[in-house]
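In: let's see this in three dimensions:
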Amino acid sequence: MNEKIAIDERIEEHQRGIYGIFIISCNGKCEEQCAYIGKSEELSIRVKNHYNSIQNQTHISTLNNVMDNEETRIEIRLVESVPYKFDSYYKDAQRLASRENYWIDKYQEINQCLEQVPGGNRPSIVRWEQLKAESSK
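Out: Next up, the predicted model:
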């Protein structure tokens, strides 16, 4: 793995939630900036995709530019776990989207995460029903 990009050890397989990609600049004192907030039904898979995009410099320009700067590094972190409640497929989908919007709004208010809008994929309703059945065992 690239030493310039660190992935939070709290991100686990089959975990659902909100993640952030942070730029850490150490020019005398260290400061951090949130470059990206995202949501995922499978955080570990999504984070690996981001890792590859950053390493290949095919991500947003803010992150691509960091790769050539020796005084900066990138951390991909779990911001908030958003577990399924399994009371309604649509409510579960909305909960995740709402939390993503909350975190994007929070960082954009302080002029961070400015190169993004919310988005992402949902599992099919069939997969959601499978996950629901598995969780009640």
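In: so where do the helices sit in this protein?
Out: Secondary structure of the chain (DSSP state H): helices at 43-55, 61-66, 89-109, 125-135.
In: just checking, what packs against the shortest one?
Out: Here helix 61-66 is seen to pack against strand 17-27, strand 29-40, helix 43-55, strand 72-81 when contacts are counted using 3 or more C-beta pairs under 8 Å, 6 or more residues apart in numbering; DSSP states H and E. Every residue, glycine included, has its C-beta placed from N, CA and C.
In: ditto for the last one
Out: In this structure, helix 125-135 makes packing contacts with helix 89-109, judged by 3+ C-beta pairs under 8 Å, 6+ apart.
In: buried residues in the helix it packs on, which are they?
Out: For helix 89-109, a neighbour-count test (16 or more other C-beta atoms under 10 Å) marks Tyr89, Asp92, Arg95, Leu96, Ala97, Arg99, Glu100, Trp103, Ile104, Tyr107 as buried.
In: how distant is it from the center of its chain?
Out: Offset of helix 89-109 from its chain centre (C-alpha atoms, centre = their mean, to the nearest Å): 12 Å.
In: and for stretch 86-106?
Out: With C-alpha atoms, centre = their mean, you get 14 Å for stretch 86-106.
In: contacts made by that stretch with the rest, please.
Out: Residues outside stretch 86-106 that contact it (C-beta atoms under 8 Å, 6 or more residues apart in numbering): 16-18, 20, 37-39, 41, 79-80, 82, 84-85, 113, 116-118, 120, 122, 125, 128-129, 131-132, 135-136.
In: separate out the buried members of the residues you listed.
Out: Counted by 16+ other C-beta under 10 Å, the contacts of stretch 86-106 give 16-18, 20, 37-39, 41, 79, 82, 84, 113, 116, 128, 131 as buried.
In: and of the residues you listed, the nearest to Asn49?
Out: Using C-beta to C-beta, Gly38 is the member of the buried ones among the contacts of stretch 86-106 that sits closest to Asn49, with 10.0 Å.
In: ok, that closest one - contacts?
Out: Residues counted as contacts of Gly38 (C-beta under 8 Å, 6+ apart) are Ile18, Tyr19, Gly20, Ile21, Arg46, His50, Glu100, Gln116, Gly120.
In: I am finished for the moment; much appreciated.
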